[in-house]
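Chemist: sequence unavailable; structure follows:
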Ligand SMILES: [Zn+2]
């Protein structure tokens, strides 16, 4: 059975071209003009992109499946146009052992409707100084290592972890946070924290640990990836490190590009995430960092929670917001369509080929004959409203509900199978 996706605007090799995409047996067979298949999908005027790649999601499964599970998390990914994701290991139990890792990978495969790559922890349980057997975790299916949610508190532990990760050719993806400086903060240090009378988060909690880790990465040669950089100084440190030849990459989350602490309207838990929303100056530096390749890619940090965990004030609320279902349309609308800060090609690169390249996901992020037919089709022309009822995630914890956006997902395919299709209004 062959399927032709006709007359779309196709993102390929960094360019947008008007073309047809022909699929056969779950793979891309050809990209060109006047292609016909036994089945036709009309994509006239629509964007046809490689399925988006998100290297930072939280699926809460096992352990907290009332917040999300592998099925709903991957449905949310598909709804947002993502076909490949990296799942963080802060589930219960944390997959510290090869047996647990193997089980995680099997569950991801059995329940997920997109490709799910599984992180292993940097240290057992994410909060200890015990380094698990990386070779065994890798053999069991771990694609990279992260303690996301927690920083590695002691330099010696991070140093040893990096040495071992290097030896096993595994990426260390870190949530940079020094807990002594973080000091139970909630809102970015500045006038908003004062106005709301909430404990401030100093940027030093992030930046000092990045500075430390960059020196350790230089010494060990490990591929050090920084999750959700959020401050101007973080970007400057990475820029400097890259100039020195240190093997560092980093990601930025959509919300840190889209919002600042000034946008927090009141004491509202939907604006609580970690790292927190930063200053206007930080936001501007993140955009510059993307544009000059200091920041390598965009990743959502999709962090679903139950309603009652987010609806109190910021003091009580859990950290984190969902992102899978709003990332592309929000970023496209604000930065490509309205403000023209970057081009559609740039945005797509940060959401497709760049994350695939950085994490060495050889089958993801690129449309090319022979590759899996992982494809997302977006409608760039019609405005839609982000509505709670449309979310596939169990989590509705996003401040973007109610936003009017362009770039809704029309259809998502994984290995040639439709995993999301927009219902007619
Ligand atoms: Zn994190």
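Modeler: Yep, that arrived. On a predicted model such as this, the values are computed, not experimentally measured, just so you know.
Chemist: ok, the residue of the chain found nearest the ion - contacts?
Modeler: Closest residue of the chain to the ion, Cβ to the ion: residue 175 (3.6 Å). Glycine gets a C-beta too; all of them are placed from N, C-alpha and C. Going by Cβ atoms under 8 Å, 6 or more residues apart in numbering, residue 175 touches 146, 147, 148, 149, 150, 151, 227, 228.
Chemist: of these, list those near the ion.
Modeler: Contacts with the ion are made by residue 148 out of these, judged by Cβ under 5 Å from the ion.
Chemist: with pLDDT added, can I get the contacts of residue 175 in CSV?
Modeler: As requested, these are exported to CSV (pLDDT from 0 to 100):
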residue, pLDDT
146, 98
147, 98
148, 98
149, 97
150, 98
151, 98
227, 98
228, 98
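Chemist: can you select the buried ones from the contacts of residue 175 in ChimeraX?
Modeler: Only the buried members of those enter the following ChimeraX selection, criterion being 16 or more other Cβ atoms under 10 Å:
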select :146,147,148,149,150,151,227,228
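Chemist: which ones among the contacts of residue 175 are found in strands?
Modeler: Judged by DSSP state E, the contacts of residue 175 include residue 146 as members of strands.
Chemist: which one of the contacts of residue 175 is nearest residue 96?
Modeler: residue 147 (11.3 Å; Cβ to Cβ).
Chemist: now the phi/psi pair for the closest one, please.
Modeler: phi -100, psi 30 (degrees, to the nearest 10).
Chemist: now do the contacts for it.
Modeler: Residues counted as contacts of residue 147 (Cβ under 8 Å, 6+ apart) are 90, 121, 122, 123, 126, 127, 174, 175.
Chemist: make it 10 Å
Modeler: Applying Cβ atoms under 10 Å, 6 or more residues apart in numbering to residue 147 gives the contacts 88-90, 94, 119-128, 153, 157-158, 161, 172-175, 177, 227.
Chemist: check residue 165 too.
Modeler: 120, 122, 131, 134, 138, 144-145, 158, 171-173, 217, 220, 222-224 are the contacts of residue 165 under Cβ under 10 Å, 6+ apart.
Chemist: can you tell me which of the residues you listed are buried?
Modeler: Of these, these count as buried by 16+ other Cβ under 10 Å: 120, 122, 131, 134, 138, 144-145, 158, 171-173, 217, 220, 222-224.
Chemist: which members of those occur in strands, if any?
Modeler: Taking DSSP E as the definition of strands, the buried ones among the contacts of residue 165 contribute 120, 144, 145, 172, 173, 224.
Chemist: out of those, which comes closest to residue 63?
Modeler: When those are compared for distance to residue 63 (Cβ to Cβ), residue 120 comes out closest, at 16.0 Å.
Chemist: residues near the closest residue to the closest one other than its chain neighbours, how many?
Modeler: Nearest non-adjacent residue to residue 120, counting by Cβ to Cβ, 6 or more residues apart in numbering: residue 142, 3.4 Å away. Neighbour count for residue 142, taken as other Cβ atoms under 10 Å: 26.
Chemist: got any ranges where the stretch 301-425 of the chain has weak pLDDT?
Modeler: 425 (pLDDT under 70).
Chemist: residues of the stretch 1-150 of the chain that sit close to the ion?
Modeler: Close to the ion, as judged by Cβ under 5 Å from the ion, the stretch 1-150 of the chain has residues residue 148.
Chemist: if we go to 6 Å?
Modeler: Residues of the stretch 1-150 of the chain found near the ion (Cβ under 6 Å from the ion) are 148, 149.
Chemist: can you give me the helices for the stretch 1-150 of the chain?
Modeler: Applying DSSP state H, counting those that start in this stretch to the stretch 1-150 of the chain gives helices spanning 70-79, 98-111, 134-139.
Chemist: now the ones you listed in CSV, with mean pLDDT?
Modeler: Shown next, in CSV, are the helices of the stretch 1-150 of the chain (pLDDT from 0 to 100):
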stretch, mean pLDDT
helix 70-79, 98
helix 98-111, 98
helix 134-139, 98
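Chemist: tell me the most buried of those?
Modeler: Mean neighbour counts were compared across the helices of the stretch 1-150 of the chain using mean count of other Cβ atoms under 10 Å; the top stretch is helix 70-79, at a mean of 26.
Chemist: quick check: angle from that one to helix 98-111?
Modeler: For helix 70-79 against helix 98-111, the angle by axes from the mean of the first three to the mean of the last three Cα atoms, to 10 degrees is 60 degrees.
Chemist: from the chain's centroid, how far away is helix 70-79?
Modeler: Distance of helix 70-79 from its chain centroid, counting by Cα atoms, centre = their mean, to the nearest Å, is 13 Å.
Chemist: try stretch 215-225
Modeler: Distance of stretch 215-225 from the chain centroid (Cα atoms, centre = their mean) equals 22 Å.
Chemist: gap between stretch 29-48 and the chain center?
Modeler: 29 Å.
Chemist: may I have the distance across it, first residue to last?
Modeler: End-to-end span of stretch 29-48 (Cα to Cα, to the nearest Å): 15 Å.
Chemist: and the helices of the stretch 1-150 of the chain: which comes nearest residue 375?
Modeler: Between the helices of the stretch 1-150 of the chain, helix 70-79 lies closest to residue 375; by Cβ to Cβ that is 11.3 Å.
Chemist: the closest one - contacts with which helices or strands?
Modeler: Under the contact definition 3 or more Cβ pairs under 10 Å, 6 or more residues apart in numbering; DSSP states H and E, helix 70-79 sits against strand 52-57, strand 82-87, helix 98-111, strand 115-120, strand 408-414, strand 417-421.
Chemist: possible to save those as TSV with distance to residue 319?
Modeler: Shown next, in TSV, are the helices and strands packed on helix 70-79 (distance: least, Cβ to Cβ, whole Å):
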stretch	distance to residue 319
strand 52-57	14
strand 82-87	18
helix 98-111	23
strand 115-120	18
strand 408-414	27
strand 417-421	28
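Chemist: among the ones you listed, which comes closest to residue 331?
Modeler: Of the helices and strands packed on helix 70-79, nearest to residue 331 by Cβ to Cβ is strand 52-57, at 10.7 Å.
Chemist: pretty sure residue 420 contacts residue 75?
Modeler: Yes: counting by Cβ atoms under 10 Å, residue 420 touches residue 75, with 7.4 Å between them.
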